[in-house]
Structures are given as structure tokens and as C-alpha cells.
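Participant: this is a predicted model, with the sequence first.
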Amino acid sequence: MAKGDEMAYRLFYDEYYDRLRRYLLVVTAGHEDAARDALQSALLRVVKHIRIFSNENEFWCWLTVLAKTAFFDQARKKKRYWSFLERFTRHAEIEQSFDTTADSDAQLMMLLDQSLTTLPADEKQLIESKYLEGASVREIADDFQTTEKAVESRLVRIRRKLKTSLLEGLKHEPIPK
């Protein structure tokens with residue numbers, strides 16, 4: 001076979017085809033299609049990479065490694081294919097829901113604006129300083145002539161108020177389809 005002798009390949013095929021097929025049926029847990037595909041791939045690998053072995057046991061071990069690797073390669077390929085299809089489907093769903101998401105973001109921003117208008121002036125100024133102007137807690141503490149800890153505590157309380165207000169507002173919004 002290593003020299004390309006057709007008769008040698010026929011002898012190999014007659015001797016090992018059924019034996020390798022049974023081996024792959026065990027490896028694939030009885031899945032005939034997977035075993036048949038892996039066997040074809042393994043036979044191609046035998047033709048490409050055949051070499052001389054010192055005994056039959058060494059040859060059989062090599063064949064089983066080729067067959068098992070062919071099966072695992074096909075399983076990985078199948079997994080990649082299904083993973084691709086899943087990502088493609090998910091991408092298409094995201095594309096379809098993009099308009100809905102943009103509407104949801106606009107609704108959320110509108111609710112946030114409404115919630116901010118309900119805050120007392122000092123709390124609104126604190127939130128705007130921190131999140132819109134990007135001032136540090138230390139800078140805000142200096143402006144309000146208080147401690148950093150006091151500013152952080154007030155921010156926590158204000159964020160809780162806003163969260164409660166937003167959640168309440170979202171309860172009354174229609175669910176996008």
C-alpha cells in the first residue's frame with residue numbers, strides 16, 4: 001500500500017473494513033451514519049499516511065487512532081456548524097428586535113427624565129454633577145461643603161429613588177413584541 005499497489009489496498013480493505021466499522025460503531029455508541037462517515041474519513045487518512053509497521057498489532061492500534069480521530073474531527077465540525085447556525089439565527093433575531101430595543105431605550109430615557117424632574121433641586125443637582133458633568137465625589141463634597149461619605153450616602157439614596165420610580169413607570173409600559 002505504501003508503494004501505491006492497488007491489490008494491497010484491496011487486501012487491506014477486505015481484512016480491516018468490517019473490523020474498523022464495528023470498532024467505530026462502538027466509538028459512536030451505535031450511530032451508524034456517524035460510524036460510516038468516520039470510517040470513510042479514516043480510510044482516506046490511511047491512503048494518505050500509510051507506512052510500514054513492524055507487526056499487525058501496531059498497525060491495528062494506528063488504524064484505531066486514525067478512526068477515532070476521524071470521528072472526533074467530524075463531531076467538532078458538526079458542532080461548529082450547529083454553533084454557526086445558532087449564532088446566525090440569534091443575529092437575525094437581534095436584527096429584528098433592534099427597532100423594538102431602540103423604542104425601549106427611548107421609553108426608558110423618557111421615564112428617567114420624568115423621574116429626574118420629580119427630584120428636589122439639590123438632589124437633581126447632585127445627580128447631574130456626578131453623572132452628567134462627571135464630577136468626582138470629592139469635588140461634589142467641596143461644592144456642597146460636606147464630606148465625601150455624606151455625598152456617597154446621598155447618591156445611594158437618590159439612585160434608589162430613581163430605580164423605584166423607573167420600575168414603577170416600567171410596570172405601566174406595554175411589553176414590546
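Facilitator: Right, received. Where do you want to start?

Participant: and residue 122, how far from residue 25?
Facilitator: Residue 122 sits at a distance of 77 Å from residue 25 (criterion: Cβ to Cβ, to the nearest Å). C-beta coordinates here come from the backbone N, C-alpha and C atoms, glycine included.

Participant: residue 159 versus residue 153, what's the distance?
Facilitator: Distance, residue 153 to residue 159, using Cβ to Cβ: 11 Å.

Participant: cool, residue 85 as well?
Facilitator: Distance from residue 85 to residue 159, counting by Cβ to Cβ: 42 Å.

Participant: and what of residue 88?
Facilitator: Residue 88 is 39 Å from residue 159, by Cβ to Cβ.

Participant: of the two, which one has the most company?
Facilitator: Taking other Cβ atoms under 10 Å, residue 88 and residue 159 do not tie; residue 159 has more neighbours (13 against 10).

Participant: okay, and the more buried one sits in which element?
Facilitator: Assigned by DSSP states H and E, residue 159 falls within helix 148-171.

Participant: buried residues in the host helix or strand of residue 25, which are they?
Facilitator: Of the helices and strands defined by DSSP H and E, residue 25 is found in helix 6-27. If you call a residue buried by 16 or more other Cβ atoms under 10 Å, then helix 6-27 has these buried ones: 12, 16, 20, 21, 23, 24, 25, 27.

Participant: any idea which helix or strand comes after that helix?
Facilitator: Going down the chain from helix 6-27, the next helix or strand is helix 32-49, by DSSP H and E.

Participant: whichever helix or strand comes after that next one vs helix 32-49, what angle?
Facilitator: Using DSSP H and E, the next helix or strand after helix 32-49 towards the C-terminus is helix 56-118. Angle, helix 56-118 to helix 32-49, by axes from the mean of the first three to the mean of the last three Cα atoms, to 10 degrees: 120 degrees.

Participant: quick one: distance of helix 56-118 to the chain centre.
Facilitator: How far helix 56-118 lies from its chain's middle: 5 Å, per Cα atoms, centre = their mean, to the nearest Å.

Participant: helices or strands next to it in the packing?
Facilitator: helix 6-27, helix 32-49, helix 121-127, helix 148-171 (3 or more Cβ pairs under 8 Å, 6 or more residues apart in numbering; DSSP states H and E).

Participant: average model confidence for the first one?
Facilitator: What it means is helix 6-27. Mean pLDDT, helix 6-27: 88.

Participant: helices or strands up against that helix?
Facilitator: helix 32-49, helix 56-118.

Participant: didn't residue 47 look like it was pressed against residue 9?
Facilitator: Yes: the criterion here is Cβ atoms under 8 Å, and residue 47 meets it with residue 9 at 7.3 Å.

Participant: just name the shakiest helix or strand of this structure by mean pLDDT.
Facilitator: The helix or strand of the chain with the poorest confidence is helix 56-118; it has a mean of 80 (mean pLDDT, DSSP states H and E).

Participant: before I go, just wanted to say thanks for your time.
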